[in-house]
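> Predicted coordinates and the sequence they were generated for:
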Amino acid sequence: MTDYEAVIGLEVHAELLTQSKIFCGCSARFGAAPNDNTCPLCLGLPGVLPVLNRQVVEFAIKTGLATHCEIQSRSRWARKNYFYPDLPKGYQISQYELPICLGGRIDISADGEARSIHLTRIHMEEDTGKNIHEAHGDSSLVDYNRCGVPLLEIVSEPEIRNAAEAGAYLRKLRAILQYLEVCDGNMEEGSFRCDANVSLRPRGASELGTKAEIKNLNSFRSVERAIEYEIERQAKALRNGEKIVQETRLWDADREVTRSMRSKESAHDYRYFPEPDLLPLDVESDWIERVRAALPELPDARATRFASAYALPAYDAEVLTARKDLADYFEATVAVHGNPKAASNWVMGDVLRVVRERKLDQPLVIERWPLSPQQLGGLIALIDNGTISGKIAKGVFDELVDTDATAAEIVEQRGLGQVSDATELESIVDGVLAGQDDKIADYRAGKDKMLGFFVGQVMKATQGKANPQLVNEILRKKLAG
């Protein structure tokens with residue numbers, strides 16, 4: 001697509017991990033029976049008045065500070081007016097002209113390039129209900145449990161250029177929210193939702209093209225594939241002389257296409273005006289500084305520390321810190337036995353393999369690891385002190401999974417200890433070399449790969465228990481003639 005360039009902006013709605021809703025005391029938890037978590041205020045009945053949940057404001061401040069926003073000392077609530085069955089009041093309480101957070105950025109790395117995606121704003125609002133279509137004959141049902149669940153809407157500047165950057169932006173944003181413990185980031189349950197605004201313009205032009213908003217994106221893969229499809233759809237239309245229409249489109253994950261849903265609304269269509277039932281929100285500087293002082297170590301800072309303090313490659317540090325629970329598990333393993341690179345290899349390899357196979361990361365916080373950091377650290381220690389070989393360790397790892405035993409106990413019970421006695425290994429090596437005069441001659445003639453053959457024979461004779469380093473030393477000495 002050399003003749004056009006994509007301009008992409010993302011709007012993320014993040015449900016906050018508060019116990020109650022933003023303007024009433026109803027539970028905000030997910031998964032209750034339909035319409036159980038409702039009250040007259042949730043249902044928009046006459047005569048009710050909203051009361052602001054203080055924790056929602058604190059979560060907004062925390063998120064704004066973590067994303068380098070300017071926290072506004074005064075912000076104002078607004079009514080966003082539109083009619084839809086999942087909105088019982090006929091309006092949504094949100095923020096418009098004066099949001100709580102302005103500016104900010106998310107630092108990403110995509111396709112080997114580091115850059116910053118700037119934010120337009122972060123504001124607070126209430127969630128709407130959920131329409132359930134085709135669940136009861138030809139009727140639609142509405143579940144109002146989600147009405148009033150607190151949201152942060154995080155709006156990026158139209159600076160994203162491709163699907164890879166969009167995916168990197170969303171992953172980094174979700175990681176930040178999870179580190180802050182303000183949102184669980186579960187896209188499948190709808191607590192981390194994204195709408196993508198995609199437009200094209202001639203390469204080198206400064207004026208923005210007509211955008212299409214894509215909805216129904218419930219995974220990172222869906223976001224990336226939808227953006228890729230929409231870029232190609234618009235490019236093909238423009239090359240054919242067609243006019244792009246400003247509209248809302250739905251992503252059909254089964255067919256992997258976007259399809260038109262409705263014409264896209266503009267801000268004036270919502271007839272925003274100040275919310276008369278809520279006073280403007282004043283945030284004192286002392287409150288902001290208390291929140292700032294309590295911020296946790298965030299993904300980028302933790303990745304930098306992992307690379308520096310543990311001498312890890314940048315790739316390892318980035319993978320391990322992409323999730324707070326994963327980073328915590330790694331550090332707990334290193335605390336048991338201080339070999340960070342070995343711990344990184346095991347965590348990113350065998351541990352995450354079992355996690356994925358058994359789907360232990362659903363929900364997104366791993367509540368039960370295949371083995372404890374104490375077990376994994378103990379296993380690495382046995383390798384480092386020469387008790388077992390790396391090959392034997394793989395089998396011990398498989399036995400450790402879902403048991404309370406330690407690696408040392410399994411090694412002792414199974415008699416898996418590594419053979420490191422030089423006299424015993426010399427005897428085994430002599431037996432392997434006996435009758436192998438032709439292969440010994442090949443090695444001495446320069447065929448170095450024969451050393452690997454002899455090592456393999458010794459390991460076979462010892463059922464993998466021989467100390468590989470010592471075996472190599474003995475063989476080189478004896479084969480030298």
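Now that the structure is in, tell me what you want to look at. Not measured: the values here are computed from a predicted model. Residues are numbered from 1 along each chain as shown.
> So, low pLDDT: which residues of this protein?
Low-confidence segments of the chain (pLDDT under 70): 1, 134-136, 264-267, 363, 421, 481.
> Grab the most central residue of it for me.
R171 (4.9 Å; CA atoms, centre = their mean).
> Nearest spatial neighbour of that residue, chain-adjacent residues omitted?
Nearest non-adjacent residue to R171, counting by CB to CB, 6 or more residues apart in numbering: F220, 6.5 Å away. Every residue, glycine included, has its C-beta placed from N, CA and C.
> phi, psi of the one you found?
As for F220, its main-chain torsions (degrees, to the nearest 10) stand at phi -60, psi -40.
> circling back to that earlier point, from G415, how far out is the residue nearest to the centre of the chain?
In this view, R171 and G415 are 46 Å apart by CB to CB, to the nearest Å.
> what domains does the record give for this protein?
The chain breaks down by automatic domain parsing into domains covering 4-287, 297-414, 422-479.
> follow-up on the earlier one: contacting residues for the residue nearest to R171?
By CB atoms under 8 Å, 6 or more residues apart in numbering, the contact list for F220 reads 167, 170-171, 187.
> Quick one: those as a markdown table, columns for secondary structure too.
Formatted as a markdown table, those follow (DSSP: H, G, I helix; E, B strand; the rest coil):
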| residue | secondary structure |
| --- | --- |
| G167 | helix |
| L170 | helix |
| R171 | helix |
| M187 | coil |
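> Just name the closest of the residues you listed to Q457, please.
For those, the closest approach to Q457 (CB to CB) belongs to R171, at 47.6 Å.
> Work out the sheet partners of the longest strand along the chain and label each with its direction, please.
Longest strand in the chain by number of residues (criterion: DSSP state E): strand 113-126. Next to strand 113-126 in the sheet, as set by DSSP bridges, lie strand 101-102 (antiparallel), strand 105-110 (antiparallel), strand 150-156 (antiparallel).
> Need the winner for burial among those strands.
strand 150-156 (a mean of 23; mean count of other CB atoms under 10 Å).
> then that one to PDB, C-alphas only?
Only the C-alpha atoms of strand 150-156 are listed here, as PDB (Å, rounded to 0.1, in the frame of the first residue of the first chain):
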ATOM      1  CA  PRO A 150     -17.300   2.500  36.300                       C
ATOM      2  CA  LEU A 151     -15.300   3.000  33.100                       C
ATOM      3  CA  LEU A 152     -12.200   4.900  32.000                       C
ATOM      4  CA  GLU A 153     -12.200   5.900  28.400                       C
ATOM      5  CA  ILE A 154      -8.700   6.200  27.100                       C
ATOM      6  CA  VAL A 155      -8.400   7.900  23.800                       C
ATOM      7  CA  SER A 156      -5.300   7.900  21.700                       C
END
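> between the contacts of F220, which has the most around it?
L170 (26 neighbours; other CB atoms under 10 Å).
> residues in contact with it?
Residues in contact with L170 (CB under 8 Å, 6+ apart) are 10, 12, 194, 220, 223.
> Compare the strands paired with strand 113-126 and give me the one nearest F330.
Checking the strands paired with strand 113-126 against F330 by CB to CB gives strand 105-110 as the closest, at 19.9 Å.
> Could you list which residues are in contact with the residue nearest to R79 when sequence neighbours are not counted?
Residue nearest to R79 in three dimensions, not counting chain neighbours: Y91, with 4.4 Å by CB to CB, 6+ apart. Each residue near Y91 by CB under 8 Å, 6+ apart is listed here: 79-82.
> Please report phi then psi for Y91.
Note on Y91: backbone dihedrals following degrees, to the nearest 10 are phi -150, psi 160.
> what are the ranges of the strands in the stretch 251-400 of the chain?
Assigned by DSSP state E, counting those that start in this stretch, the strands in the stretch 251-400 of the chain fall at 257-263, 273-274, 281-282.
> next one: the stretch 101-250 of the chain
Listed in chain order, the strands of the stretch 101-250 of the chain (DSSP E, counting those that start in this stretch) span 101-102, 105-110, 113-126, 130-136, 139-143, 150-156, 192-202, 212-217, 247-252.
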